[in-house]
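Q: give the three-dimensional model of this entry:
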Amino acid sequence: MVRIRIRGVARISFVLAVSLVILISINGRAGVVYEEPATLPYEMYRGTAVWADDHALIFGGRIETGQLDTIIKFDPNSKEVETQSTRLPSSRVSMSSVWTGEYVYVFGGDHSGHKLNDILRYDPATGVIVRMEEELPMELVGSSAVWFNSKAYIFGGHNNTTFSDMIFVYDPGLGTISALTVGLPTPRAGTSAVTDGNRVYIFGGKWNQDVLTDIIEFDPATESVGLVQSRLPSPRYHISAVWSGEYAYIFGGSNGTQATDEIVRFDPGDDAVAKLGARLPSPRERTSAVWTGDIAYIFGGQHGGESFDDILAFDPEGVSQEDDITLYIVLAIMIILLVVLMPPLFLMKRKRER
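A: Purely as a prediction, here's the structure:
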C-alpha cells in the first residue's frame, strides 16, 4: 500500500513538473500585442515602411479622402510621430521598399489610378529624395521587395491588366535593373517578403481571383525558386511580414472577402507554420510592418470601410496578462498539491524505515 501511494505521488509530481515546464515554455513564446500611446497622423493604409537603424519610416498610403505623399517618422524610444518636410514626388499607394543601411528605395505604386514604374531614393540623413534614372521594366502595384547582398529584389505585382511573376534585381551601385530568367511559380500581387540572410520567403498573394496560401522560397545565390511544403493557414493577401532573426511573422491580410486578425509564425528551419495565440486587436489588411531587433511594429491598416491610425507593437517573447494569470493559477495549484502530498509521503517513508 505504501509503495503504491509513493509511486502515485511521484507520478503526480512528475506530471505536474513536466506540465509546468511546458506551460512556461509556451507562455514564454506566446507573444503579446499592444497599442503604442502614439498614433499615426491619419487613419491610413496601403503605405510601405522600413526600419532605418533606430526609427521607422512610412511612405505614402491612403486615407478616406485620397492618397498621401507623406514620409512619416516613428521613434519608438521617444514615442514621437513626425511628418517629414520632404514629400514624395507624387501621392502613391501600394509600393514596395527596402533599407540599404544608408538609403531607402521605393518601387512603383499607384498614383490616382496611374500605375508607376519609378524608383525613388530617400536619404534620411539629409531629407533628400531623388527619382532615379533607372526605372522598373513595367509598372508595378502591390509588389514586395527585400535588400540582399547590396541588391534589391522585387517580386511580382500587377499593372491592372497583368499580374507579374517576374523577379527584378536592382543594383544601385551599378545603376542597373534586370529581370531574372526564373520567376515566381505563378503571377501574383499583394505578397510580403522577408530574408533570413540566405534565402528569401514570399508569402501569399493574389492572382486574378485566386487568393493564395503559398510560401515561396527564393535562393538569390543560385537564382532558384520553389514552394516549401508548409502553407499559410488560409488564403491571404495584402499582408505585412517581418523577419525576427529566427522566424518570419505574418500579420493580418484578407482572403478577398474578409480580413483576419491572425499572426502567423513561419519557421524555415523546420518548414513549419503556426497560428499564434496573440492576435491583432481587430481584423485588418494593407498594413505595413518593421522589425526593430526585438519588436515588430505594425502600422495602420483597413477592415471593410474602416481604417486605422494605431501603431501596434508585437513582442514575440512577451507574455500577456491572461497568460500570466494562467501560469499563476497553475503554480498555486502545484504548491497546494505539494503541501498536501509531501507530509503523507514523508510520514510513510519514516514508517517504512521503522
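
Q: for the rest of this, base every contact and every neighbour count on C-alpha atoms.
A: Will do.

Q: let me see the domain layout of the chain.
A: The chain breaks down into these domains under automatic domain parsing: 2-24+323-353, 31-318.

Q: turn those domains into a markdown table, columns for mean pLDDT.
A: Compiled in a markdown table, the domains of the chain are given as follows (pLDDT from 0 to 100):
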| stretch | mean pLDDT |
| --- | --- |
| domain 2-24+323-353 | 47 |
| domain 31-318 | 97 |
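
Q: tabulate those domains (TSV), appending mean neighbour count.
A: Listed next are the domains of the chain as TSV, based on neighbours: other CA atoms under 10 Å:
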stretch	mean neighbour count
domain 2-24+323-353	13
domain 31-318	19
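
Q: phi and psi next, for the residue nearest to Asp261 when sequence neighbours are not counted.
A: Spatial nearest neighbour of Asp261, chain neighbours left out: Pro283 (3.9 Å); criterion: CA to CA, 6 or more residues apart in numbering. Main-chain dihedrals, Pro283, degrees, to the nearest 10: phi -60, psi 140.

Q: wait, isn't Pro283 in contact with Ala259?
A: Yes. Assessed by CA atoms under 8 Å, Pro283 is found in contact with Ala259 at 5.2 Å.

Q: spit out the contact partners of the most centrally placed residue in the chain.
A: Nearest residue to the geometric centre of the chain (CA atoms, centre = their mean): Ala241, 2.5 Å. Contacts for Ala241 (CA atoms under 8 Å, 6 or more residues apart in numbering) come out as 192-194, 248-251, 288-290.

Q: output the residues you listed as TSV; include the columns secondary structure.
A: Formatted as TSV, the contacts of Ala241 follow (DSSP: H, G, I helix; E, B strand; the rest coil):
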residue	secondary structure
Ser192	strand
Ala193	strand
Val194	strand
Ala248	strand
Tyr249	strand
Ile250	strand
Phe251	strand
Ser288	strand
Ala289	strand
Val290	strand
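
Q: ok, which pair from the residues you listed is furthest apart?
A: Spatially, the most separated pair among the contacts of Ala241 is Ala248 and Ser288, at 14.4 Å (CA to CA).

Q: quick one on the thing from earlier: ok, the residue nearest to Asp261 - contacts?
A: Contacts for Pro283 (CA under 8 Å, 6+ apart) come out as 252, 259-262, 303.

Q: can you put these in a markdown table and add distance to Ala221 and secondary structure?
A: Converted to a markdown table, those look like this (distance: CA to CA, whole Å; DSSP: H, G, I helix; E, B strand; the rest coil):
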| residue | distance to Ala221 | secondary structure |
| --- | --- | --- |
| Gly252 | 31 | coil |
| Ala259 | 35 | strand |
| Thr260 | 35 | coil |
| Asp261 | 35 | coil |
| Glu262 | 33 | strand |
| His303 | 39 | strand |
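
Q: leaving out chain neighbours, which residue sits closest to Asp75?
A: With sequence-adjacent residues excluded and distances taken as CA to CA, 6+ apart, Asp75 is closest to His55, at 4.8 Å.

Q: name all residues that make contact with that neighbour.
A: 73-76.

Q: for Trp207, give the beta-bridge partners.
A: Asp210 (DSSP bridges).

Q: er, Phe168 I mean
A: Bridge pairing for Phe168 - DSSP bridges - gives Ile154, Ala179.

Q: any idea how far it is from Ser178?
A: To Ser178, Phe168 is 6 Å away according to CA to CA, to the nearest Å.

Q: equivalent analysis for Tyr122, please.
A: The gap separating Tyr122 from Ser178 is 21 Å, by CA to CA.

Q: picking that back up, which residues does the residue nearest to the centre of the chain bridge with?
A: Beta bridges link Ala241 to Ile250, judged by DSSP bridges.
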